[in-house]
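1. Following is a predicted model, sequence given first.
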Amino acid sequence: MRTKSIRAVLPALAGAALLTGTVFSTPAQAAGGVTIYHVWFDSPGRDNRSNSSLNAEWVQIKNTGGSAVSLKGWVLKDTSNHRYVFKSVKIGAHKTMKVHTGRGTDTASDKYQNRRAYVWNNTSDTATLTKASGAKVDSCSWTTRDPSDKYC
């Protein structure tokens, strides 16, 4: 008798455990583990607005999840609302992607905002990543305490 009642309860317990794991996942986990990993907000050398200087300013996105995640329509922005909208692109499982400020040709690991002016403030700023729906995925802030880059 006792064995039958335990067998009857096990499927319910397994279902509850599965549901609990899904309900309490964090936004980053829900987005496949996509996070802002590293920001280089103060490009090395003089800020002369050259394309190489602009491209030395970047935000690195990381997918810590086990499967690729579509970033189509996702937005990377600063506190002044300079926005970069991801095109139809995926970030692979356990991969990183840099979003550079200047001009260039997009690859799987490097995207370009094609701007002619700096985006990320050296004194303080916040990089925010949102889904196409506007739901916040992650953010990273820095101040003058941070020398030129910040791991988030």
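-> Thanks, I have the structure now.
2. Run through the residues that contact residue 96.
-> With contact set as Cβ atoms under 8 Å, 6 or more residues apart in numbering, residue 96 has these partners: 37, 60-63, 109. To be clear about C-beta, it is placed using only N, CA and C from the backbone, and glycine gets the same treatment.
3. Could you pull up the contacting residues of residue 152?
-> Counted by Cβ under 8 Å, 6+ apart, residue 152 has contacts 35-39, 138, 140.
4. for the chain, what are the low-confidence residue spans?
-> Counting by pLDDT under 70, the chain has low-confidence residues at 1-32.
5. rewinding a little: what subset of the contacts of residue 96 is buried?
-> When the contacts of residue 96 are checked for burial by 16 or more other Cβ atoms under 10 Å, the buried set is 37, 60-63.
6. hmm, back to that, quick check, nearest of the contacts of residue 152 to residue 52?
-> residue 39 (18.3 Å; Cβ to Cβ).
7. Check for me that that closest one belongs to a helix.
-> No. The assignment for residue 39, made by DSSP: H, G, I helix; E, B strand; the rest coil, is strand rather than a helix.
8. gap between it and residue 67?
-> Distance of residue 39 to residue 67, given as Cβ to Cβ, to the nearest Å: 25 Å.
9. Comparing the two, which residue is more hemmed in?
-> The neighbour comparison of residue 39 against residue 67 (other Cβ atoms under 10 Å) goes to residue 39, with 24 against 11.
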